[in-house]
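A.B. asks: Got a predicted structure plus its sequence, pasted below:
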Amino acid sequence: MLLIDIGNTFGCPLGVAGQIQTFSFINSVVFALLLGILSVRFKQKSLLMMGLVFFSISAMGCFLAPNFNTMLLLYSLSGLGMAIVPAMCSTIVGEHLPLEKRSNALGWILAGGAFSYLVGAPVINFLAGHGGWRFAFIGFMLPISLASLTIVFVSIPFTPNNQENKMRGGNYLEGFKNIFSNKSATACLLGSTLSMAAWEANLIYMASFLRQRFLIPTGLVSILLSGLSLCFIFGSLSSGYLVNRFGRKSFTVLATFLLGILTIIYLNLNIFWLSTILLLFVCIFAGMRYAASDSLTLEQIPEFRGTMMSINSAAANLGSSMGAGLGGLSLLLSGYSGLGVSLGALGISGAIVYHLLTTDPTKK
């Protein structure tokens with residue numbers, strides 16, 4: 001929401017300012033691959049807490065950043081948190097809940113993330129209006145990260161031994177061998193990369209699209225972002241029921257395809273109310289796709305869930321990096337119309353990969 005303001009502070013065009021996300025996601029990809037090894041050695045709770053510590057340090061550093069290069073470096077620490085937190089949350093769900101409850105639990109976890117947009121948009125608008133964009137980091141991101149760290153420490157029990165390490169005798173690379181020799185598991189990773197590229201660029205540029213094409217003030221954009229968050233929450237929560245009813249693979253394919261098609265359309269419209277309605281549906285299907293694809297990926301290699309979800313985190317963040325970079329380039333070269341076509345093509349390609357190359361191990 002404040003990407004334009006950050007660019008103005010450091011004298012950068014919007015497409016360049018958006019690359020703070022690209023650099024962050026590149027870091028997250030590298031660290032997520034390392035996490036695939038660490039998840040065999042260390043407990044999920046310890047790793048989850050470490051990810052939240054990275055978020056906290058990043059928030060403080062961005063608040064104090066004196067120039068764009070420093071901002072780029074310190075914001076990239078949040079990429080380490082992005083590599084760890086989603087992967088360990090999903091792994092903990094897989095370890096502690098039965099099969100029929102996992103997709104619903106993943107939906108609730110994703111809804112919790114979207115709830116931060118719902119609450120955060122008006123809060124950040126208020127903080128930025130009274131102190132500038134830097135106060136969004138110190139007044140929102142930092143306290144939320146510290147509160148999350150406290151809740152995890154108090155509420156999640158430590159497991160006595162890492163299950164994967166116990167089963168495989170500490171062979172850290174065996175999980176990678178099992179995953180990349182499995183066609184369906186590898187296809188899930190590729191599908192995650194493509195679909196996340198489409199969605200992440202939507203996240204980065206949707207607020208700027210509303211502000212620049214339709215000249216919507218920041219205060220109204222914050223309200224619209226809250227509405228979009230509600231749509232994502234609805235999609236995440238409803239996916240638990242729909243996945244169990246229609247199947248992990250089928251529902252992942254459908255939601256990913258609709259995400260791509262609607263992205264092309266809404267970014268090429270010049271009618272505010274119609275574009276906004278389609279954007280609402282983009283967020284609904286994004287929430288559904290996220291939960292459904294994570295449910296599908298979580299079941300691919302049950303004995304190496306931690307490693308699988310860590311590599312999936314790397315794949316998703318690689319997609320996010322692609323989306324941020326390709327989105328910024330498309331925006332610079334051909335505006336929002338080109339942005340819509342490039343992102344939509346990525347989403348449709350992801351749906352094709354899921355459809356042709358993946359299998360649902362829970363289906364006989």
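C.D. replies: Everything's here; your move.
A.B. asks: what helices or strands is the longest helix belonging to the chain leaning on?
C.D. replies: Criterion DSSP state H: the longest helix present in the chain is helix 305-357. With contacts taken as 3 or more C-beta pairs under 8 Å, 6 or more residues apart in numbering; DSSP states H and E, helix 305-357 sits against helix 14-17, helix 19-41, helix 77-96, helix 163-168, helix 174-180, helix 183-213, helix 248-266, helix 272-298. C-beta coordinates here come from the backbone N, C-alpha and C atoms, glycine included.
A.B. asks: per-residue confidence averaged over it?
C.D. replies: Helix 305-357 carries an average pLDDT of 86.
A.B. asks: angle of it against helix 77-96?
C.D. replies: Counting by axes from the mean of the first three to the mean of the last three C-alpha atoms, to 10 degrees, helix 305-357 lies at 90 degrees to helix 77-96.
A.B. asks: Show the contacting residues for residue 46.
C.D. replies: Neighbour list for residue 46: residue 158 [criterion: C-beta atoms under 8 Å, 6 or more residues apart in numbering].
A.B. asks: For it, pull up the helix or strand it's in.
C.D. replies: helix 44-64 (DSSP states H and E).
A.B. asks: roughly how far out does the helix or strand that that helix is followed by sit from the chain middle?
C.D. replies: Counting by DSSP H and E, the next helix or strand C-terminal to helix 44-64 is helix 68-75. In terms of C-alpha atoms, centre = their mean, to the nearest Å, the centre of helix 68-75 is found 20 Å from the chain centre.
A.B. asks: Which strands or helices does helix 68-75 pack on?
C.D. replies: Using 3+ C-beta pairs under 8 Å, 6+ apart: helix 68-75 touches helix 3-10, helix 19-41, helix 44-64.
A.B. asks: Quick one: closest of those to residue 318.
C.D. replies: helix 19-41 (4.6 Å; C-beta to C-beta).
A.B. asks: How far off centre is that closest one?
C.D. replies: 13 Å.
A.B. asks: Buried residues, it. List them.
C.D. replies: For helix 19-41, a neighbour-count test (16 or more other C-beta atoms under 10 Å) marks 19-33, 35-40 as buried.
A.B. asks: Equivalent analysis for stretch 130-143, please.
C.D. replies: So, applying 16+ other C-beta under 10 Å, buried residues of stretch 130-143: 133, 134, 135, 136, 137, 138, 139, 140, 141, 142.
A.B. asks: and the angle from the longest helix of the chain to helix 44-64?
C.D. replies: Going by the same axes, to 10 degrees, helix 305-357 makes 80 degrees with helix 44-64.
A.B. asks: just checking, what packs against whatever helix or strand residue 220 lives in?
C.D. replies: Using DSSP H and E, residue 220 maps to helix 218-246. The contact analysis (3+ C-beta pairs under 8 Å, 6+ apart) places helix 218-246 against helix 99-131, helix 183-213, helix 248-266, helix 272-298.
A.B. asks: pretty sure residue 31 is touching residue 84, no?
C.D. replies: Yes. Contact between residue 31 and residue 84 holds when scored by C-beta atoms under 8 Å: they sit 7.5 Å apart.
A.B. asks: how many neighbours does residue 183 have?
C.D. replies: 11 (other C-beta atoms under 10 Å).
A.B. asks: need the contact list for the spatially closest residue to it that is not a sequence neighbour.
C.D. replies: Sequence neighbours aside, residue 357 is the residue nearest to residue 183 in space, at 6.3 Å (criterion: C-beta to C-beta, 6 or more residues apart in numbering). Residues in contact with residue 357 (C-beta under 8 Å, 6+ apart) are 183, 184, 186, 187, 190, 191.
A.B. asks: Residue 298 too?
C.D. replies: Contacts of residue 298 by C-beta under 8 Å, 6+ apart are 90, 93, 94, 102, 106, 305, 308, 309.
A.B. asks: any weak-confidence spans in the stretch 101-250 of the chain?
C.D. replies: 159-172 (pLDDT under 70).
A.B. asks: go again using 90 as the cut-off
C.D. replies: Where the stretch 101-250 of the chain drops to pLDDT under 90, the residues are 101-136, 138-139, 154-181, 197-233, 235-248.
A.B. asks: what about residue 100, how many neighbours?
C.D. replies: 10.
A.B. asks: Same check on the one 3 residues further on?
C.D. replies: Around residue 103 sit 25 other residues, with neighbours defined as other C-beta under 10 Å.
A.B. asks: who are the neighbours in contact with it?
C.D. replies: 239, 240, 243, 244, 248, 291, 292, 295.
A.B. asks: ok, of those, which one's closest to residue 348?
C.D. replies: Nearest to residue 348 among the contacts of residue 103 is residue 292, at 16.4 Å by C-beta to C-beta.
A.B. asks: Distance check, the closest one against residue 145.
C.D. replies: According to C-beta to C-beta, to the nearest Å, residue 292 stands 28 Å off from residue 145.
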